[in-house]
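> My questions are about this predicted structure, shown below with the sequence.
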Amino acid sequence: MKRLVGTFAALILTASLQPAITAERQAQSPKPAAGAIAIVGGMLINGHGGQPIHQSVVLVENGTIKAIGTVDSLKVPAGARVINARGKTVMPGLIDMHSHSDIVGAGVYDDRFFGAAPVVPEGGWHPLSKARFKEFVGASEKHQLMAGVTMAREVGGFLDADLYIRDAINRGEIQGSRRIVSGPWINYGDPALTDKLFHTINVNTADGARAAAINLLDVHKVDLIKAYNNLTEPMVKAIVEEAHKRGKHVASHVRSHEDLVMRIAAGIDSMEHMGATTGERYTQETLDLLAESRLAVVPTLNVGLVYKETEEFPERLEDPAALALFPAEFADLIRRSARDFTNLRYFDGAKKANKGGTQARFKQLLDAGVRILMGTEAGTPLNFHSTAAAREMVWMNRLGMDALDVIVASTRAPAQFLREDQKYGSIEVGKVADIIAVDGNPLFDMAVMHQVSLVMKDGIVYKVEGAAASQSSTAASRLR
Ligand SMILES: [Zn+2]
């Protein structure tokens with residue numbers, strides 16, 4: 001913990017000394033450093049769910065994983081940069097299957113919908129963010145990367161922000177996880193209202209749904225489509241058809257068993273928030289359908305449980321690390337907007353869900369053998385990117401999922417879903433070097449996911465701290 005505090009203090013210091021994330025932009029390079037990097041001595045969990053390798057050595061060169069062994073079997077080449085991972089667990093970078101970028105944990109979205117506290121001006125977070133996102137963009141992205149998330153799927157956001165963030169990260173202008181973005185969701189509603197909405201394209205015919213999907217995919221080059229509530233079967237089918245034609249997938253919300261049956265038949269690929277939201281227990285029929293379909297379910301337990309967590313420990317809102325990288329004005333605004341969180345209308349559903357519903361429904365999905373992937377819903381009120389992945393993983397584990405399964409559901413399984421598992425999601429020779437290390441053993445205590453001490457993405461070290469500080473390979477041999 002001491003180490004974390006030190007790091008957080010350093011982050012705050014960095015944030016205040018560099019008033020802009022822009023100051024860091026010049027220093028970025030999306031290219032991995034020349035020469036080998038060896039991560040030495042940690043317990044290796046490779047993402048496949050098998051037995052960990054103790055005293056491991058992972059050798060990275062030119063952004064890819066070159067060799068894997070143990071301190072006894074794999075020699076670290078002379079001149080390699082050595083990262084000491086002793087006492088730590090080394091694992092693939094996390095893949096967050098449900099995240100948001102243009103929202104950053106502020107307590108209010110839009111006062112028309114959520115009853116804004118007066119601290120957020122001009123009607124809530126969305127108009128503020130739309131007008132000024134470039135002033136704070138980079139903060140939550142970097143927080144998320146530093147928390148060990150090397151890839152994130154954006155499921156619903158303000159189009160300009162989503163695309164800007166994805167592309168700026170790819171260009172190396174801001175530091176963040178690799179992004180797969182949907183832009184706005186497609187919803188059944190009056191198309192005339194679309195211009196007044198922030199994350200929504202309203203359609204009321206199947207042709208309208210098709211045109212909206214084509215526009216997002218071909219003109220704006222989004223990576224997936226989010227099919228929101230209330231769409232009819234012909235609308236969902238049209239969206240799925242256009243997405244699949246282009247090798248893209250469709251994430252979906254669901255209202256009821258009948259809606260689920262319809263959406264599965266229409267060919268959607270993932271179902272968001274199941275298990276986390278309010279409602280009755282699932283029927284056996286629903287569970288059988290989900291298990292047989294092998295549909296990916298992204299429960300986002302944080303949706304319901306971040307409220308419970310904050311109610312029990314409101315001090316978390318004052319954690320300086322949570323918003324350390326934000327410009328002071330925004331960090332202050334976000335904190336003040338969250339202070340009165342028990343009265344936010346956003347949490348009306350969560351309060352109900354927390355009466356045992358979330359826990360029981362997640363367990364039902366688990367016991368039925370449903371394909372579950374980790375997604376954090378990061379960015380929603382109080383759900384800060386800096387801790388979202390660790391909190392989600394702790395909940396998944398605490399509500400009954402085996403620890404090793406939680407890690408697979410947060411690494412290799414999402415990569416498989418995204419059809420990116422040839423490159424990402426596991427620590428294997430030839431794969432892209434997206435690697436993290438945490439202090440201690442997550443198989444014993446999932447909370448160590450809060451203590452990420454090494455973050456490597458594309459073979460570039462973005463974070464290395466504490467005992468993991470690098471040394472030359474001659475020094476490494478002395479460690480043995
Ligand atoms: Zn979401």
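Here it is on my side, so go on. Numbers count the residues shown, from 1 in each chain.

> and stretch 376-395, which residues are buried?
By neighbour count on 16 or more other C-beta atoms under 10 Å, the buried set for stretch 376-395 is 376-395. Just so you know, the C-beta spots here come from the backbone N, C-alpha and C atoms, and that holds for glycine as well.

> And the pLDDT at His199?
Model confidence at His199, given as pLDDT, is 88.

> Look up how far Thr300 lies from Lys308.
As judged by C-beta to C-beta, to the nearest Å, Lys308 and Thr300 stand 14 Å apart.

> Neighbour count for those two, which is higher?
Thr300 (30 against 17; other C-beta atoms under 10 Å).

> what ranges do the strands span in the stretch 151-300 of the chain?
In order along the chain, the stretch 151-300 of the chain carries the following strands (DSSP state E, counting those that start in this stretch): 178-181, 185-188, 200-203, 224-227, 249-252, 270-272, 296-298.

> quick one, which of these is packed in tightest?
strand 224-227 (a mean of 28; mean count of other C-beta atoms under 10 Å).

> Per-residue pLDDT of the closest residue to Glu377 other than its chain neighbours, please?
Spatial nearest neighbour of Glu377, chain neighbours left out: Thr300 (4.1 Å); criterion: C-beta to C-beta, 6 or more residues apart in numbering. Listed pLDDT for Thr300 reads 94.

> hang on, Thr300 packs against Met271?
No. The pair Thr300 / Met271 is not scored as a contact, 10.7 Å apart, by C-beta atoms under 8 Å.

> Contacts only, for Asp218.
Applying C-beta atoms under 8 Å, 6 or more residues apart in numbering to Asp218 gives the contacts Arg246.

> Quickly note the distance from Gly189 to Gly183.
Separation of Gly189 from Gly183 (C-beta to C-beta): 17 Å.

> Compare the two (neighbour count), which wins?
A count of neighbours by other C-beta under 10 Å puts Gly183 above the other of Gly189 and Gly183, at 27 against 18.

> picking that back up, next one: the residue nearest to Glu377 from Asp96, what distance?
10 Å.

> Asp162 too?
Taken as C-beta to C-beta, the span from Asp162 to Asp96 is 15 Å.

> so where's the stretch 151-300 of the chain uncertain?
277-279 (pLDDT under 70).

> mind running it again at 90?
193-199, 229-230, 254-257, 274-281, 294 (pLDDT under 90).

> just the helices in it please.
159-171, 206-214, 233-245, 257-266, 284-293 (DSSP state H, counting those that start in this stretch).

> can you pull out the strands in the stretch 1-150 of the chain?
So, for the stretch 1-150 of the chain - with DSSP E, counting those that start in this stretch - the strands run 37-40, 43-44, 56-61, 64-70, 81-84, 88-92, 94-99, 149-154.

> contact partners of the third one?
With C-beta under 8 Å, 6+ apart as the test, strand 56-61 has contacts from 32, 35-44, 65-71, 73-74, 76-77, 80, 85, 90, 427, 433, 435, 456, 459.

> Any of those buried? List them.
By neighbour count, with 16+ other C-beta under 10 Å, these hold 32, 36-44, 65-69, 71, 74, 76, 80, 85, 90, 427, 433, 435, 456, 459 as buried.

> residues near Val455, how many?
25.

> no no, Val219
Counted with other C-beta under 10 Å, residues neighbouring Val219 total 8.

> ok now do Phe384, which residues does it touch?
Taking C-beta under 8 Å, 6+ apart, one finds Val104, Gly105, Ser140, His143, Ala322, Leu323, Ala378 in contact with Phe384.

> what's the spacing between the residue lying closest to the first one once chain neighbours are set aside and Val90?
Okay, so that is Val104. If the residues on either side of it in the chain are set aside, Val104 comes closest to Ser140, at 4.6 Å by C-beta to C-beta, 6+ apart. Using C-beta to C-beta, Ser140 is found at 25 Å from Val90.
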